[in-house]
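Engineer: A structural model of the following input is requested.
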Amino acid sequence: DNLEWLQTVRIGKTAQPLEFILAVPGRRYGEFNEILGAVQAEHCVQAKDEVIGETSWQGLRLVWAHEPQAAAQQSAARRQTIETLTQQAELRAGKLDAQDAGAAFKGRRLSDSGAKAWLFRAVSDAHLGSIIKVDLQSDRFAYTEDEAALKRAELNDGKLLLVTNTTDLDPAEVIARYKSLADIERGFRVLKSEIEIAPVFHRLPDRIRAHALICFMALVLYRVLRMQLKSTGSYYSPERALEIARRIQLHQVRIAGQGAASGLTDLSPEQLALFDQLQLDIPTREPFDIAP
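Structural biologist: Numbering: from 1, shown residues only. Next comes the predicted model:
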């Protein structure tokens, strides 16, 4: 419905169609199994690096990207989770069989309904309900693994699907445009979380522009810090670097009739190393010192 509506939107006096690039939600990838199957077989099976391409879907361009390393990691993590859950399930099944044979165990007696409830909840939390299917109707604890569903899930691993009506961008440019949007969204998350720019309600235009400028400058400084840390090979994140620097304090005391005194935190080796990595001067108290 959203796509149909977007294709009816016209902008400007020339009634130019609205151009859009939309990501397909991961939960909807199942609708593209046939397309993805062909893409996987032709382009992705032997890929060592990211591959990008496009096909058509409902009169629109379907641009896809496949990252082999990400796909391998996602598939391995899913299979590890499945193995862990099935091992725990088999332990419970074995305990239930032993109880039926008359064996006694310490603690509360395990029931089939309790085992089913545990596995159903664990599978749901791991988002594996389409692969590990718990038989809730059975009187006994039972479950099955759907190999076909597992293969369909692995078919989607490492993939990004974008639907667009643009005609002047090649597939790589479409991917780059979308990823730049994701970077902008990450910037907003940084403003709200790490930088902690609180919501402020303004009425006057000058104050609105001033607030926007402060937010923008804070984000620029954050990005510069991140780039500098990355360029020096530092393993610190911007958040960790700011946390280390925040421990540096300048204390100033003025006593009536007795002058003033000040003191700066003795920098730790970690703090000294951070300033060295960022190629910044070691902070001193002179610019702020109130002592005579």
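Engineer: run a quick neighbour tally on Tyr236.
Structural biologist: A total of 20 residues lie near Tyr236 under the criterion other CB atoms under 10 Å. Where C-beta positions appear, they are placed from N, C-alpha and C, glycine not excepted.
Engineer: ok, it touching Leu229?
Structural biologist: Yes: here Tyr236 lies in contact with Leu229, judged by CB atoms under 8 Å, at a distance of 5.5 Å.
Engineer: element containing the closest residue to Ala126 other than its chain neighbours, please.
Structural biologist: Using CB to CB, 6 or more residues apart in numbering and skipping residues adjacent in sequence, the residue nearest Ala126 is Thr81, 5.3 Å away. Assigned by DSSP states H and E, Thr81 belongs to helix 68-100.
Engineer: which helices and strands sit right next to that helix?
Structural biologist: helix 112-125, strand 132-134, strand 143-145, helix 147-156 (3 or more CB pairs under 8 Å, 6 or more residues apart in numbering; DSSP states H and E).
Engineer: in the stretch 1-150 of the chain, where is pLDDT below threshold?
Structural biologist: Within the stretch 1-150 of the chain, no stretch falls below the threshold (pLDDT under 70).
Engineer: show me where this protein has strands.
Structural biologist: Secondary structure of the chain (DSSP state E): strands located at 10-11, 16-17, 21-23, 51-57, 60-66, 132-134, 143-145, 159-164, 250-255, 259-264.
Engineer: need the ones you listed in CSV (columns: distance to Arg108 and mean neighbour count).
Structural biologist: Output for the strands of the chain, formatted as CSV (distance: least, CB to CB, whole Å; neighbours: other CB atoms under 10 Å):
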stretch, distance to Arg108, mean neighbour count
strand 10-11, 65, 10
strand 16-17, 65, 12
strand 21-23, 47, 15
strand 51-57, 53, 15
strand 60-66, 48, 21
strand 132-134, 21, 20
strand 143-145, 22, 14
strand 159-164, 45, 20
strand 250-255, 58, 12
strand 259-264, 60, 14
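Engineer: just put the ones you listed in JSON lines and tack on distance to Ala104.
Structural biologist: What follows is those, written out as JSON lines (distance: least, CB to CB, whole Å):
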{"stretch": "strand 10-11", "distance to Ala104": "75"}
{"stretch": "strand 16-17", "distance to Ala104": "73"}
{"stretch": "strand 21-23", "distance to Ala104": "55"}
{"stretch": "strand 51-57", "distance to Ala104": "58"}
{"stretch": "strand 60-66", "distance to Ala104": "54"}
{"stretch": "strand 132-134", "distance to Ala104": "27"}
{"stretch": "strand 143-145", "distance to Ala104": "26"}
{"stretch": "strand 159-164", "distance to Ala104": "51"}
{"stretch": "strand 250-255", "distance to Ala104": "67"}
{"stretch": "strand 259-264", "distance to Ala104": "68"}
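Engineer: circling back to that earlier point, could you identify which of the helices and strands packed on helix 68-100 is most buried?
Structural biologist: Highest mean neighbour count of those: strand 132-134, a mean of 20 (counted as mean count of other CB atoms under 10 Å).
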